[in-house]
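Q: sequence below, structure please.
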Amino acid sequence: NDNQQNDLTHVRSEFLRTQVEPTISYSRDSGVHSYGVVVGASRIKTDFSLLGTYVGNLPSDQISTVGAAGTENILGSAGFSEVDALISTFGRLNYAFDNKYLFSATIRRDASSKFAEGFRSDIFPSFSAGWRVSSEDFFPAGGFLTFLKLRAGYGELGAQNVGNYLYQSTFGTTSASSFGNGIVPGFAQTAFANESLQWETSKTINVGADFEFMDGKFAGSLEYYKKDIQNLLVAVPIPSSNGTSVPVTQNTGALDNSGVEFQISYRNNANKFKYNVGFNLGTQSSVLSAVPSEFFGPSVNEGLQSVNIFREGEAPGAFYGFNVTDVYDDQAQIDNDPNRANDPNRGALSPGDFVKEDVAGPLDDNGNPTGPDGIIDNNDLQILGSPVPDFTYGFNFNGTYGKLDFGMLFNGVYGNEIYNQARAFNTFFADGNKL
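A: As a prediction, this is how the structure comes out:
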């Protein structure tokens with residue numbers, strides 16, 4: 001290995017996850033009554049550590065062990081150690097009467113080390129009910145429809161998809177200071193704490209039907225769902241004037257999701273060539289129903305530009321910016337552009353620049369937006385589209401012939417906008433070094 005600088009980097013990481021989940025189950029059938037009970041507990045613990053050392057100015061590029069370097073050769077080091085745990089207890093009851101009327105209930109208690117004491121645990125219940133209509137005496141036998149079940153449910157789930165120790169302030173030796181005649185290490189706060197951080201909770205209601213027809217060759221389902229997420233865990237950017245620009249994770253706002261899902265399949269097992277064909281379609285609506293204050297998404301380039309905004313009443317991460325309607329062909333088009341009629345920066349434009357739409361001026365005395373004012377500024381920023389698709393779809397095919405089996409799967413989305421970062425780099429940073 002050619003090492004012109006005679007330096008060496010050594011990084012070692014260890015990741016260990018242990019999971020213990022004992023359960024006890026009991027079931028019994030007694031005439032028309034059938035029930036089962038499951039109780040259990042779960043403990044998941046994750047240990048992750050990393051240590052790195054960078055040494056340089058070694059006497060030879062053949063040295064491959066950092067231990068052979070002296071203390072004067074150590075140019076840098078880094079490391080951390082994290083531990084998190086999730087402890088849960090749960091119970092589930094399933095009951096069926098005459099194999100027609102079905103009921104299920106679950107309750108679980110989760111406790112996470114990612115939250116401060118007093119906020120670590122929460123309880124999440126769920127239940128569902130079903131009715132096998134096709135098992136009733138009044139359901140016509142031998143008809144076109146051979147199976148029908150109606151179902152409904154409600155459930156709550158918690159989410160803890162955040163980093164560790166966010167409820168504690170973080171300090172680092174990143175603030176050296178002058179003391180006496182030299183520079184001495186100093187501590188500075190690198191991240192703010194949020195001691196009230198707690199579980200993100202989703203509440204889902206769904207109603208649907210499962211059906212089969214033509215002697216079970218065709219099977220499908222239709223379902224409507226509504227999923228409301230409360231206490232969203234969001235990393236909210238803060239200005240660097242606070243002393244650090246590390247985003248602060250907060251429980252902020254709520255997200256409402258709803259949609260309809262449909263799927264249908266056809267199977268043919270009568271011949272030597274057996275196959276199954278399926279199709280699914282789903283609609284989706286996702287809206288931020290509550291946001292204490294709107295904020296922008298992460299930056300997408302070295303200019304710290306953001307293209308997403310989180311605003312109440314809009315889709316999460318909606319694309320936000322100026323609406324570009326054209327490109328200036330010549331100076332005459334710039335001079336006669338009504339979007340720039342009163343713009344003091346019009347003289348800085350040149351052919352080839354974007355034509356931006358003037359949609360609003362400053363707010364009036366009552367805080368209401370005004371009409372176009374012939375000036376392009378931040379008042380003209382607007383919602384450009386949603387990253388959430390209007391619907392998703394998929395197609396699958398599986399077949400067997402003798403000992404040979406094969407399958408195909410296609411899926412896609414429709415109606416959402418996509419930010420083309422590669423095109424943005426090629427447009428705004430055409431210096432030959434961008435992809």
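Q: so what's the spatially most central residue of the chain closest to, chain neighbours aside?
A: By C-alpha atoms, centre = their mean, the chain has its centre lying nearest to residue 161, at 9.2 Å. Residue nearest to residue 161 in three dimensions, not counting chain neighbours: residue 233, with 6.5 Å by C-beta to C-beta, 6 or more residues apart in numbering. To be clear about C-beta, it is placed using only N, CA and C from the backbone, and glycine gets the same treatment.
Q: ok, now how distant is the closest residue in space to residue 80 that isn't next to it in sequence from residue 10?
A: With C-beta to C-beta, 6+ apart as the criterion, residue 80 has its nearest non-adjacent residue at 5.8 Å, and that residue is residue 50. Residue 50 sits 11 Å away from residue 10, going by C-beta to C-beta, to the nearest Å.
Q: please identify which helix or strand holds residue 411.
A: Residue 411 belongs to strand 404-414 when assigned by DSSP states H and E.
Q: direction included, what does that strand pair against?
A: Strand 404-414 pairs in its sheet with strand 391-401 (antiparallel), by DSSP bridges.
Q: what's the strand it pairs with in contact with?
A: 272-284, 405-415 (C-beta atoms under 8 Å, 6 or more residues apart in numbering).
Q: cool, stretch 40-51 as well?
A: The contact list for stretch 40-51 (C-beta under 8 Å, 6+ apart) reads 11-24, 77-91.
Q: okay, and the beta partners of residue 74?
A: Listed by DSSP bridges, the beta-bridge partners for residue 74 are residue 55.
Q: and the pLDDT for it?
A: Confidence at residue 74, expressed as pLDDT, is 84.
Q: check residue 4 too.
A: Predicted confidence (pLDDT) for residue 4: 55.
Q: using CSV, list the CA coordinates for stretch 396-413.
A: Taking C-alpha atoms only, stretch 396-413 is exported to CSV below (Å, rounded to 0.1, in the frame of the first residue of the first chain):
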residue,chain,number,x,y,z
ASN,A,396,-47.0,-9.4,-8.9
PHE,A,397,-46.9,-12.8,-10.6
ASN,A,398,-45.7,-16.1,-9.1
GLY,A,399,-45.7,-19.5,-10.9
THR,A,400,-44.5,-23.0,-10.6
TYR,A,401,-44.0,-25.7,-13.2
GLY,A,402,-42.7,-29.0,-11.8
LYS,A,403,-39.7,-28.2,-9.7
LEU,A,404,-39.2,-24.8,-11.4
ASP,A,405,-40.6,-21.6,-9.7
PHE,A,406,-40.4,-18.0,-10.7
GLY,A,407,-41.9,-14.7,-9.9
MET,A,408,-42.1,-11.0,-10.8
LEU,A,409,-42.9,-7.9,-8.8
PHE,A,410,-43.6,-4.4,-10.0
ASN,A,411,-44.6,-1.4,-7.9
GLY,A,412,-44.8,2.4,-8.5
VAL,A,413,-46.2,5.7,-7.3
